[in-house]
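Colleague: sequence-free structure coming up:
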Ligand code: 13P
C-alpha cells in the first residue's frame, strides 16, 4: 500500500502571520484523516513559525528548495542540513519554476536529491513537459530524461517522491485530464520499475498543475496517481482541506 500524499506548495506567498493562520486551519481541518500524508511547503521565512504550529500533529513540513553543498561561502543559499534542522521532513527539488527562472538543471536536481537523502530529508522531485514539448509529441522523451537524470547514482528509492507537473498546467487553470496524467504516471512508474524493480512499488507519484477540489476527484481515481502537489489552491484553507478530504475518501 503506497498511501496518499497531498502537499501544498505555497511558492512565494504568505507573511509569517498568514502562514501561521493557514497552517493552523489546515491542521485543524484535516484532524483525524487517515491513510496518507498532509505536507505544507511555506517559503523559507515562514518555515520555523509553521513548524511550531504543526509540530506533533499529522501535518509535516517541506522546504521549496535547497543547495547541494554542505556549508560555506554560498550567499543566499540554504543547505539540506539546515532545512532538516528547522523541522522539515521533505524538500521540493527541480520545480519547473526553478528550472525556468533560476536555471536549475537535471544535474543540479540530481546533486540536490543525493544531498537531501544523505542528511535524511525526503526529496519531492518535480518533472514535467512544456506545452511546446507536448505539442511536438516528446512528453515521454522529456520526462524520461528528467527522471533518469534526477535519479542517476541513487540506489534506494525508498524515501523519494516524484511529482509530475506538466508545465502548461501550472497556474493556468488548464489541468491535465485524468487519462493524460495517468499515462505519464504509468510511464514514470515503468521507468522506476526498470531501474529499481519491486523496490519502487511504494514510491508515490503526485500530480501537480491547476488541481482544485473539483478536479481532484477524477484524478485520484487513477491507479498511478497517489496524490497531488497543489499550488494556488493550497493558499485557501477551505479549498486545500477539500482536496485532502476528497483524496482521503477515495484512497
Ligand atoms: P498550481 O496548482 O497553482 O497550478 O501550481 C502547481 C504547482 O506548481 C505545485 O508545485
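Modeller: In hand now; what should we look at? The structure displayed is predicted, hence computed values, not measured ones.
Colleague: looking at the protein, what residue ends up closest to the ligand?
Modeller: Proximity of the chain to the ligand (Cβ to the nearest ligand atom) peaks at residue 231, 2.2 Å away. (Each C-beta comes from the backbone N, C-alpha and C, glycine too.)
Colleague: who's in contact with that residue?
Modeller: Going by Cβ atoms under 8 Å, 6 or more residues apart in numbering, residue 231 touches 9, 11, 170-171, 208, 211.
Colleague: return the members of these classed as buried.
Modeller: Those of the contacts of residue 231 that meet the buried threshold are 9, 11, 170, 208, 211, by 16 or more other Cβ atoms under 10 Å.
Colleague: now, the contacts of residue 231 that are in strands?
Modeller: 9, 208 (DSSP state E).
Colleague: and the contacts of residue 231, which two are furthest apart?
Modeller: Using Cβ to Cβ, these span at most 14.0 Å, a distance reached by 11 and 211.
Colleague: stretch 211-224 near the ligand at all?
Modeller: Yes - using Cβ under 6 Å from any ligand atom, we find that stretch 211-224 touches the ligand at residue 211.
Colleague: what comes into contact with that stretch?
Modeller: By Cβ under 8 Å, 6+ apart, stretch 211-224 touches 4, 175, 178-179, 181-182, 185-186, 188-189, 205, 207, 225, 227-231, 233, 239, 242-243, 246-247, 250-251.
Colleague: can you flag which of those residues belong to strands?
Modeller: Per DSSP E, those map to strands at 4, 205, 207, 227-230.
Colleague: right, and residue 8 touches residue 50 too?
Modeller: No - between residue 8 and residue 50 there is no contact under Cβ atoms under 8 Å: 10.6 Å.
Colleague: any idea what residue 90 is bridged to?
Modeller: Assessed by DSSP bridges, residue 90 has beta-bridge partners residue 62, residue 122.
Colleague: can you map out the strands along the protein?
Modeller: With DSSP E, the ranges of strands along the chain come out as 4-9, 36-41, 59-63, 90-93, 122-127, 161-164, 205-208, 227-230.
Colleague: I'd like to know which elements the first one is packed against.
Modeller: Contact analysis of strand 4-9 by 3 or more Cβ pairs under 8 Å, 6 or more residues apart in numbering; DSSP states H and E lists strand 36-41, strand 90-93, strand 205-208, strand 227-230, helix 237-250 as its packing neighbours.
Colleague: would you format those as a markdown table with mean pLDDT included?
Modeller: Formatted as a markdown table, the helices and strands packed on strand 4-9 follow (pLDDT from 0 to 100):
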| stretch | mean pLDDT |
| --- | --- |
| strand 36-41 | 98 |
| strand 90-93 | 98 |
| strand 205-208 | 98 |
| strand 227-230 | 98 |
| helix 237-250 | 97 |
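Colleague: wait, which of these is closest to residue 65?
Modeller: That would be strand 90-93 among those, by Cβ to Cβ, at 6.8 Å.
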